[in-house]
Structure formats: structure tokens, C-alpha cells
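A.B. asks: 3D model of this:
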Amino acid sequence: MLVGAVAIAFILLGLAAIYTTQLSARPATTGSVGDQSAEATELNREARRNVRAIALRVNHDRRYYADRSALRDRIRDETTDYSELMVETYAAERGTMVNVSADSPAAIGTRTTLYNDSTLTDGGSTTWQPATDARIGWFVLNLNVTAMDRADPFVVEIEDRTGNDTTYTFTRNATGTSVVTVSTSSETGALGGQVTCNPGGNRSLVDFTTGESFTSSCEFGPDINDLEGPYTVEFRNGDNAVGKFSIVTDASESDWATYNGLGTCPSAGSEPCNTYAAWYVTATARYESGQLSYNNTQNTTVYEGA
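C.D. replies: Model prediction:
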């Protein structure tokens, strides 16, 4: 799957959250209000971290979502399963009642995807823009290096909010069966350079948000986190590359016609196409004991740095 190794890497990343908390003490029965307050706070941290991880996995573990409701329902159902586990754990170990729920995503963005191996065109043009004027939370290429022509470059150009371009050139090495060279240059003044990557299993999984290839054990820069969004992404010589890709941004469905001109999965009838991805999720954690009542609702970013 396109996202497998990268998804695991993202699960443990930190979160940005905006939240409100209601906390009230009740007449004491057993234990300490201070201890239970610490437990409630820890539950809140776990809920925030894990609901974000659920949304991230749900965003990417299906080829597409036919509509917003399908995405919302899947996040809600997966969170309910997680909450049931927490209910059992807290009841057995602490004798307290807890609940974690995910309301409708606070914001739904766009996942532009090419799920099956193909040339990286838009179905016709070899130079095109899969994302325009948007914040990027996820940008992964999965290149089938052995299917690429030797010495014919594929170029990804990312323009930042100031109009400066950063260019990444991918070339299959003429002397290696599945070796790819990544050359970078940037108008931002960030240091570029050239690295040689040796893919595993003839594939190179490239993450532009971190500037590394997990299957090739190589790093390149600058990465997206070094640049200043929103961004516009352009593919050039898309017929020189074979593989898959996925880009998640904060673009809304209403902007798709001007955002990249691609159709909606699966009604587009072909790939690449646009589908839905949670951008922010709203999570509520509730903790009830004989001494303490805690209820916390918060909006959490799904993607690090977005």
C-alpha cells in the first residue's frame, strides 16, 4: 500500500490542539481528587493522540471515499471501537467511567491520489498541477523505478507563498537497475544538492514533507516543512515516471474545479482523482468517578505541521 511505512512513522508525532475543559469536584468517596484529575488529564492526552492516529489511518487505508459521510462514519466507528477498549480498561483498573467520541471532522480537505501504477500525468498532460495554493499535510510518491526510462528526468516543483520555487529532479541512474538520483535546488536560499537512493524491492517511497525516502535510506532537502505555505505543486515530464502518489491538502471540494481540474473518485472513471480526507478532527473525552467529572472537547490537527 502506498502509505504503509509512512503512516506508521506519523502515528507517534505530536499534535496541535485547541480545546476547552470543564472540571468539577464532587464530594469525596475514595482516593484523591488530585490523582483522578491527573488520570483525566492523561485520558485526554491519549484520546487526542489516538483519535488523530485513527483519522490519519482512515484517510489513507481505502482507495477513496465516495462522499463526506462515508469518511465521517468510518472515523466515528473506529473511534467508538477505541472508546470501548478504553471503557473496559478504566473500569477494570480504576473503577471509573470514561468515553471517547469523534464528532464530525472540524474540517475536510482533499486527497488527490493515483492508486495504481501509471505514468504521473493527469491522464493527458505531462506537465500539470496536482495541487494549487493550498496547505499540504501529506505528499508521498511511490516510484516504480525499474519501469522508468534511464536518464529521462521526472521533475516536481513546489512554489511557496512568496513565489519561490523548489525543484526536485528524479532520474533513474543509467548504471543501476533500480537506482534513482534526486537533485534539488531552491530559490528560497535553502541548501539543495544531489543524493543517490537505492530503493528496496525496486520501489522508492518518497516523502516530501520530511525530505526522505523510507525504502531507500536517503534524505534530500529542503522538505516541505522547510518552506512557507500555502503551496502549488507542479509535475513535469510526468510520462518519465511510473508509480503512485498521494497528496493531502486543506482544499475544499468546492474548489476542485480550479484546484487541479480532476474529477471525483470514483465517478471520475480514471485516476488521478480527488477524494476526501479529514484535516481537523473534533474529539471529546469524558471521565466520571465518584469524585470528579471531566469533559473536554478539542479540535486536533491530523497532519503534523499543517
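
A.B. asks: Name the next helix or strand downstream of the worst-scoring helix or strand of the chain on mean pLDDT, please.
C.D. replies: One helix or strand of the chain scores below all others by mean pLDDT, DSSP states H and E: strand 17-25, with a mean of 35. If you walk from strand 17-25 toward the C-terminus, the next helix or strand you reach (DSSP states H and E) is helix 33-60.

A.B. asks: ok, and for the helix or strand following that following helix, which residues are buried?
C.D. replies: Where DSSP H and E defines the elements, the next helix or strand beyond helix 33-60 is helix 68-94. Across helix 68-94, burial judged by 16 or more other C-beta atoms under 10 Å covers 71, 72, 74, 75, 76, 78, 79, 82, 83, 86, 90, 94. Placement of C-beta: from N, CA and C, glycine included.

A.B. asks: Domains of the protein: list them as residue ranges, please.
C.D. replies: 4-106+280-301, 108-278 (automatic domain parsing).

A.B. asks: weakest of those in terms of mean pLDDT?
C.D. replies: Here the lowest mean pLDDT among the domains of the chain goes to domain 4-106+280-301, at a mean of 77.

A.B. asks: circling back: quick one: which of the buried residues of helix 68-94 is nearest residue 248?
C.D. replies: Proximity of these to residue 248 (C-beta to C-beta) peaks at residue 71, which lies at 12.1 Å.

A.B. asks: just checking, which of the domains of the chain sits deepest inside the structure?
C.D. replies: domain 108-278 (a mean of 19; mean count of other C-beta atoms under 10 Å).

A.B. asks: Straight-line length of that domain, end to end?
C.D. replies: Using C-alpha to C-alpha, to the nearest Å, the span of domain 108-278 from its first residue to its last is 5 Å.

A.B. asks: quick one: it to chain centroid distance?
C.D. replies: Averaged C-alpha coordinates place domain 108-278 at 14 Å from its chain's average position (C-alpha atoms, centre = their mean, to the nearest Å).

A.B. asks: do the same with stretch 59-75
C.D. replies: With C-alpha atoms, centre = their mean, you get 14 Å for stretch 59-75.

A.B. asks: residue contacts, residue 235?
C.D. replies: 120, 121, 126, 127, 128, 129, 130, 154, 155, 156 (C-beta atoms under 8 Å, 6 or more residues apart in numbering).

A.B. asks: what phi and what psi does the backbone show at it?
C.D. replies: When read as degrees, to the nearest 10, the backbone of residue 235 gives phi -100, psi 130.

A.B. asks: Kindly state the beta-bridge partners for it.
C.D. replies: With DSSP bridges as the criterion, residue 235 is bridged to residue 128, residue 156.

A.B. asks: Can you tell me which helices and strands the host helix or strand of residue 183 packs against?
C.D. replies: Using DSSP H and E, the element containing residue 183 is strand 180-186. Judged by 3 or more C-beta pairs under 8 Å, 6 or more residues apart in numbering; DSSP states H and E, strand 180-186 is in contact with strand 165-172, strand 193-197.

A.B. asks: Distance-wise, check residue 151 relative to residue 239.
C.D. replies: Distance, residue 151 to residue 239, by C-beta to C-beta, to the nearest Å: 14 Å.

A.B. asks: Repeat that for residue 168.
C.D. replies: On the measure of C-beta to C-beta, residue 168 and residue 239 end up 17 Å apart.
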